[in-house]
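Asks: Sequence plus predicted model, see below.
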Amino acid sequence: MNINHGETSLVIAGAWNPAILSPQWVLQHGLGKALDGTNRIQAYLPAGQGVIFEFPRYVLEDFTFTARADALVIVPIATEQERMAVAEDAAAKMLQELRHTPLGGIGHNFEFQEPNPQPRQLQVFTDSRQDIADEMPDGWSPTSAVVVSSFASGTNAVVLNISRHFEAGTMLVKMNFHHSVADVNQALQILRGEKGYFRMAQNFETARSIVTKLYGEINNG
């Protein structure tokens, strides 16, 4: 099982103004860096005919981010604790500057991939669709399956959504730690790990522990 680093993300759902969250603004107000031309910025824009409009993805030295009208998505450059903390700290500083932003929730997202799943690992997919498979007409065969589960913490402060996908010979395990957010103050508590909330790195360790127990050793590559 491998970690999909590019799918490790901090998502803050809300009514954002993407025009404000320029790379220069994020550098200054989120990361506290001077705009002196030494900070590398890369922008990736969707290309091609018929492409549905997507917001640009900006790559900074500390993380990658996309500012959409409905969410701010930050992808740390690595899954080490200090790298995730940089993303959370920057998000907290940005929210302090934009305290009137309506918020809906905060998510910690992690994804794991198994390119060569073993039969025992696929049994859950077989079981989930067996009743339908038994009723399918002759000539039809399964091509993919998704198994979704959700668990709430003891205080109901966090909901863990787990979706397992199997398609084209590959298995994915996606984990979303969802926090409902009432206001900026609560969002700051989550980002800082206050009032009993776990920070992103702690939830990553929980996700990795679950996947390891189910499927074995995880590779960081």
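Replies: On my side now, so go ahead.

Asks: From Val211, how far off is Glu205?
Replies: Distance of Glu205 to Val211, computed by Cβ to Cβ, to the nearest Å: 11 Å. For the C-beta atoms, the positions are set from N, CA and C on the backbone; glycine is no exception.

Asks: Bridged to His165, which residues?
Replies: Val146, Leu172 (DSSP bridges).

Asks: For the lowest-mean-pLDDT helix or strand in the chain, name the packing helices and strands.
Replies: Lowest by mean pLDDT, DSSP states H and E among the helices and strands of the chain is strand 42-44, with a mean of 89. Counting contacts by 3 or more Cβ pairs under 8 Å, 6 or more residues apart in numbering; DSSP states H and E, strand 42-44 is packed against strand 57-59.

Asks: Which other helices and strands does the helix or strand following the strand it packs on contact?
Replies: Scanning forward in sequence from strand 57-59 by DSSP states H and E, the next helix or strand is strand 63-67. For strand 63-67, the packing partners by 3+ Cβ pairs under 8 Å, 6+ apart come out as strand 57-59, strand 71-76, helix 81-97.

Asks: Among those, which comes closest to Leu160?
Replies: Set against Leu160 and scored by Cβ to Cβ, these come closest in helix 81-97, at 17.1 Å.

Asks: on that earlier part again, looking at Glu205 and Val211, which one has more neighbours?
Replies: Val211 (20 against 13; other Cβ atoms under 10 Å).

Asks: isn't there a helix covering that one?
Replies: Yes - checked against DSSP: H, G, I helix; E, B strand; the rest coil, Val211 lies within a helix.
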